[in-house]
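Chemist: Fold the following.
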Amino acid sequence: MQIEILTPEKKLFSGDAYGIQLPGVNGSFEVLEKHAPMVSALGSGAIKILIDNKGNTTRYNISGGFIEVLNNKVSVLLEKAVLV
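Modeler: Residues are numbered from 1 along each chain as shown. Below is the predicted model of the structure:
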């Protein structure tokens, strides 16, 4: 699935990935390939991009934002993020 992570300053990540784990406002959740369409608010915490199913990941600490999942594409809009 295609993942794009954006802040007001720049694009942090754009590429294919196996899945993504995110901190929702009511608890963490995971989005995998062919997930149903959704929009959700994000709370403070860590985003973990699952690059493949072999354990390769990328992590960002975030302070909040939104996610949209549509047609096997994940768009994450963040207030700010720091690569861990």
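Chemist: Now Asp16: closest residue in space that isn't a chain neighbour?
Modeler: The shortest distance from Asp16 to any non-neighbouring residue, by Cβ to Cβ, 6 or more residues apart in numbering, is to Gln2 (6.1 Å). C-beta here means a position set from N, CA and C on the backbone, and glycine is covered the same way.
Chemist: Flag every buried residue along stretch 18-32.
Modeler: Neighbour-count burial for stretch 18-32, counted by 16 or more other Cβ atoms under 10 Å, picks out Tyr18, Gly19, Ile20, Gln21, Leu22, Pro23, Val31.
Chemist: CA-only coordinates of it in PDB, if you can.
Modeler: This file holds the C-alpha atoms of stretch 18-32, laid out as PDB (Å, rounded to 0.1, in the frame of the first residue of the first chain):
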ATOM      1  CA  TYR A  18       3.300  -3.400   4.500                       C
ATOM      2  CA  GLY A  19       1.400  -1.400   7.100                       C
ATOM      3  CA  ILE A  20       1.400   1.400   9.600                       C
ATOM      4  CA  GLN A  21       0.700   1.600  13.400                       C
ATOM      5  CA  LEU A  22      -0.700   4.900  14.700                       C
ATOM      6  CA  PRO A  23      -1.700   6.500  18.000                       C
ATOM      7  CA  GLY A  24      -5.400   7.300  17.800                       C
ATOM      8  CA  VAL A  25      -7.100   9.700  20.200                       C
ATOM      9  CA  ASN A  26      -8.900   6.700  21.800                       C
ATOM     10  CA  GLY A  27      -6.000   4.200  21.500                       C
ATOM     11  CA  SER A  28      -3.500   2.900  19.000                       C
ATOM     12  CA  PHE A  29      -4.500   1.100  15.800                       C
ATOM     13  CA  GLU A  30      -3.000  -0.500  12.700                       C
ATOM     14  CA  VAL A  31      -3.700  -0.200   9.000                       C
ATOM     15  CA  LEU A  32      -2.700  -2.900   6.600                       C
END
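Chemist: Can you tell me the SS state at the residue of the chain most remote from its centre?
Modeler: Of all residues in the chain, Lys54 sits farthest from the chain's C-alpha centroid, using Cα atoms, centre = their mean; the distance is 18.4 Å. Secondary structure state of Lys54, per DSSP: H, G, I helix; E, B strand; the rest coil, is coil.
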